[in-house]
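J.: what follows is a protein structure lacking sequence information:
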């Protein structure tokens, strides 16, 4: 049997806010970098969008932020 390859984490910045997507065990997690202990600091993409790979997590994050872009300041 071939050993499982460990997936490399991906970093992207939708709306200028950096996000790191990585796999921890069987879960795909998105971490909002730069925030400290916020309510939505880390999100389990396996639970929320059914992502099983980092590539699927990147796709889910991009589609989410296309619908709901980050706010640029207070209104």
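T.: Received it, and whenever you're ready, just let me know what you need. This structure is a prediction, so every number in the text was calculated from the model and none was measured.
J.: hey, let's count contacts and neighbours off CA atoms from now on
T.: OK.
J.: and residue 41, what pLDDT?
T.: Predicted confidence (pLDDT) for residue 41: 81.
J.: need the contact list for residue 69.
T.: 14-15 (Cα atoms under 8 Å, 6 or more residues apart in numbering).
J.: how much space separates the closest residue to residue 10 other than its chain neighbours from residue 5?
T.: In space, and not counting its chain neighbours, residue 10 is closest to residue 21: 5.1 Å by Cα to Cα, 6 or more residues apart in numbering. Look at residue 21 and residue 5: by Cα to Cα, to the nearest Å, they are 16 Å apart.
J.: quick one: which of those two has more around it?
T.: Shown here are residue 21 and residue 5; by other Cα atoms under 10 Å, residue 21 has more neighbours (26 against 6).
J.: quick one: buried residues of the helix or strand hosting the more buried one?
T.: Here residue 21 sits within strand 19-24, counting by DSSP states H and E. In terms of neighbour count (16 or more other Cα atoms under 10 Å), strand 19-24 has its buried residues at 19-23.
J.: who's in contact with the residue nearest the centre of the chain?
T.: Residue closest to the mean C-alpha point of the chain, counted by Cα atoms, centre = their mean, is residue 30 at 2.7 Å. Applying Cα under 8 Å, 6+ apart to residue 30 gives the contacts 19-22, 42-45, 57.
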